[in-house]
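Participant: Sequence and predicted model, in that order:
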Amino acid sequence: MRKPQRSKADGLPEQVTIYEVGPRDGLQNEDAIVDVAVKAEFVRRLADAGLTTIETTSFVHPKWVPQLADAAELLATLDLPDSVRAPVLVPNERGLDRALEAGVREIAIFASATETFAKKNLNSTLDEQFAMFTPTVERALASGLAVRGYVSMCYGDPWEGDVPVGQVVEVTRRLADLGCHELSLGDTIGVATPGQVIELIDELQQAGVDVGSLAVHFHDTYGQALANTLTALREGVTTVDSSAGGLGGCPYAESATGNLATEDLVWQLDGLGITTGVDLEKLVATSVWMSQQLGKPPASRVVQALAG
């Protein structure tokens, strides 16, 4: 299998952590329910390809995301090594209860940077969402769990348009103050460009948020995901969210297309001499296999090129 020619560039990290979201964010938007055995095999294959952080599922109410109704069953079938982090998304305290019952060690919460998306996704206002997060995070931390905070609509909102940077900073700071160890900045509808990425990260640092706690989560709606990722790496970010095969979207934002494909990310990072620990050949094979289960071709350009 062809590999990228390596040529290091200045101003980039030696190592990047890939936060794989395919099993959760990738599959949640699929209309046809994927069998739990297929989901479990997907996670196992991702781990075998060298991914050490795999967001497996969400304890959201089945009414809202039927695809993830089998969360507890899925986790019960997995037997991942301790070296693999397997966080799950929880929307509230009831979701946390279910996560604790399943024995998870790490959770993520999902905040909005805009009023409209908070209403549509959380049935809350921008401010009121924290009343829901606070007891969930406090209980999780008290139980010894690590907590990640997602911030959605950081760069644009399909209903409100441009999102003020200060608004995003405020939401992110509040999540940090709650005790979230990692803060994932989401370009939910894929409209960001590199200048916006620089501005937001700079403003967050000026507000006292450590760049080491930041992750980036780009969608490729306008073909900007890799450019935005490279920009974030130059700003000091070392954790990048991506989805095997480019699976995913957002069930509450119809204009959101797929996530940055993990294979496309690995190809770029490998070419830059940045360590990820991921076996690209195994990862491509995994996405080809998963695309066969879903009955549609993978969105990843690297998978198309290498497996075509």
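Facilitator: Done, it's in.
Participant: now the helices for the stretch 51-200 of the chain?
Facilitator: Ranges of helices in the stretch 51-200 of the chain, per DSSP state H, counting those that start in this stretch, are 71-77, 93-101, 115-122, 129-142, 165-178, 194-206.
Participant: Tell me which of these sits nearest to residue 289.
Facilitator: For the helices of the stretch 51-200 of the chain, proximity to residue 289 was assessed by Cβ to Cβ; helix 71-77 is nearest, at 17.5 Å. In short, each C-beta sits where N, CA and C put it, glycine included.
Participant: Tabulate the helices of the stretch 51-200 of the chain (CSV), appending mean pLDDT, distance to residue 34 and mean neighbour count.
Facilitator: CSV is the format used below for the helices of the stretch 51-200 of the chain (pLDDT from 0 to 100; distance: least, Cβ to Cβ, whole Å; neighbours: other Cβ atoms under 10 Å):
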stretch, mean pLDDT, distance to residue 34, mean neighbour count
helix 71-77, 97, 10, 18
helix 93-101, 97, 20, 17
helix 115-122, 91, 22, 19
helix 129-142, 96, 27, 17
helix 165-178, 98, 30, 19
helix 194-206, 98, 33, 17
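Participant: Make TSV out of those and add distance to residue 302.
Facilitator: Putting the helices of the stretch 51-200 of the chain into TSV (distance: least, Cβ to Cβ, whole Å) gives the following:
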stretch	distance to residue 302
helix 71-77	27
helix 93-101	33
helix 115-122	31
helix 129-142	36
helix 165-178	30
helix 194-206	21
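Participant: Select, out of those helices, the one closest to residue 86.
Facilitator: Closest of the helices of the stretch 51-200 of the chain to residue 86 is helix 71-77, at 7.7 Å (criterion: Cβ to Cβ).
Participant: Run through the neighbouring helices and strands of that closest one.
Facilitator: Packing partners of helix 71-77 (3 or more Cβ pairs under 8 Å, 6 or more residues apart in numbering; DSSP states H and E): helix 36-48, strand 57-58, helix 93-101.
Participant: what helices or strands is the longest one leaning on?
Facilitator: Using 3+ Cβ pairs under 8 Å, 6+ apart as the contact criterion, the elements in contact with helix 36-48 are strand 53-54, helix 71-77, helix 280-294.
Participant: angle of it against helix 280-294?
Facilitator: Helix 36-48 runs at 170 degrees relative to helix 280-294, counting by axes from the mean of the first three to the mean of the last three Cα atoms, to 10 degrees.
Participant: From the rest of the structure, what touches helix 36-48?
Facilitator: Helix 36-48 is contacted from outside by 20, 22-23, 27, 54, 56-57, 70, 73-74, 77-78, 80-81, 84, 86, 244, 282-283, 285-286, 289-290, 293, using Cβ atoms under 8 Å, 6 or more residues apart in numbering.
Participant: now that helix, how far from the centre of its chain.
Facilitator: 17 Å (Cα atoms, centre = their mean, to the nearest Å).
Participant: Check which residues of that helix are buried.
Facilitator: Neighbour counts over helix 36-48 (16 or more other Cβ atoms under 10 Å) mark 36, 39, 40, 41, 42, 43, 44, 45, 46, 47 as buried.
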